[in-house]
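Student: next one to model:
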Amino acid sequence: MGWSERFWVNAIGFQAVWWGSILLGDTAAFAVLALLALHLAFHSQPIVEARVVIASGVVGFSVDSLLTVAGVFTFPSLILSLPPIWLLLLWFAFSATLRNSLSVLRKYRVLASVLGAVAGASTYIAAAKLGAVELSFGYLATFLLLLPVWAVLFPCLLVLTEKLEESYVSHHH
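Tutor: Below is the predicted model of the structure:
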């Protein structure tokens with residue numbers, strides 16, 4: 001097991017990226033990129049991990065982009081109606097937990113759905129309270145809207161992770 005795969009290293013690393021991204025925005029981009037590079041460098045399967053991080057990150061960022069275009073989120077530094085770079089990098093960092101600190105939830109899809117719904121929706125409320133995003137429909141309506149989004153999105157990301165692992169293993173063994 002690589003150093004960056006250890007539960008606490010991975011979980012604390014993600015929390016550091018979340019707080020840095022929320023509080024510093026795009027200013028944190030180089031630090032987040034450095035942490036992601038270190039994560040991959042110290043991972044026992046860097047190729048598979050990079051595939052999961054990129055694919056899952058793009059899926060998550062696409063969902064947030066659709067919600068932004070739909071007017072659910074407004075970002076202070078909105079360019080071309082897309083969320084800021086820090087959010088894309090935050091999605092990559094979150095995706096780096098799917099095979100590591102959050103991997104235990106892969107066995108428990110219903111639990112993953114419930115926890116994903118509550119925790120996922122809650123992070124946007126926290127980010128809004130810290131000034132990183134504005135919620136056009138207010139806290140409660142946005143939370144209720146994000147519950148089903150995350151109830152589906154999180155388990156889907158776990159399934160995507162499994163499929164990417166399986167396809168890599170079947171093509172390289």
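Student: CA only for contacts and neighbour counts going forward, please
Tutor: Will do.
Student: quick check: mean pLDDT across stretch 43-60?
Tutor: Here stretch 43-60 scores 96 as its mean pLDDT.
Student: what segments of the chain are helices?
Tutor: Using DSSP state H, the helices of the chain run over residues 7-24, 29-41, 46-69, 85-95, 109-129, 138-172.
Student: most tightly packed of those?
Tutor: Across the helices of the chain, the average number of neighbours (mean count of other C-alpha atoms under 10 Å) peaks for helix 85-95, which reaches a mean of 24.
Student: what's the angle between that one and helix 138-172?
Tutor: 60 degrees (axes from the mean of the first three to the mean of the last three C-alpha atoms, to 10 degrees).
Student: contacting residues around helix 85-95?
Tutor: The contact list for helix 85-95, computed with C-alpha atoms under 8 Å, 6 or more residues apart in numbering, reads 14, 17-18, 21, 25-26, 28-29, 32-33, 36, 52-54, 56-58, 60-61.
Student: quick check: mean pLDDT of it?
Tutor: Average pLDDT, helix 85-95: 97.
Student: what about dumping the CA coordinates of it to PDB?
Tutor: Extracted in PDB, the C-alpha atoms of helix 85-95 (Å, rounded to 0.1, in the frame of the first residue of the first chain):
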ATOM      1  CA  ILE A  85     -10.800  26.100 -11.400                       C
ATOM      2  CA  TRP A  86     -10.600  25.500  -7.700                       C
ATOM      3  CA  LEU A  87     -13.800  23.500  -7.900                       C
ATOM      4  CA  LEU A  88     -12.500  21.300 -10.700                       C
ATOM      5  CA  LEU A  89      -9.300  20.600  -8.600                       C
ATOM      6  CA  LEU A  90     -11.500  20.000  -5.600                       C
ATOM      7  CA  TRP A  91     -13.400  17.400  -7.600                       C
ATOM      8  CA  PHE A  92     -10.100  15.700  -8.500                       C
ATOM      9  CA  ALA A  93      -9.100  15.700  -4.800                       C
ATOM     10  CA  PHE A  94     -12.400  14.200  -3.800                       C
ATOM     11  CA  SER A  95     -12.000  11.600  -6.500                       C
END
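Student: quick revisit: wait, which of the helices of the chain is closest to Pro76?
Tutor: In terms of C-alpha to C-alpha, the element of those nearest to Pro76 is helix 109-129, at 10.9 Å.
Student: that closest one to helix 138-172, inter-axis angle?
Tutor: 130 degrees.
Student: Pro76 against Leu135, yeah?
Tutor: No. The criterion here is C-alpha atoms under 8 Å, and Pro76 misses it with Leu135 at 11.3 Å.
Student: those two: which has the busier surroundings?
Tutor: The neighbour count for Pro76 versus Leu135, taken as other C-alpha atoms under 10 Å, is higher for Leu135 (21 against 13).
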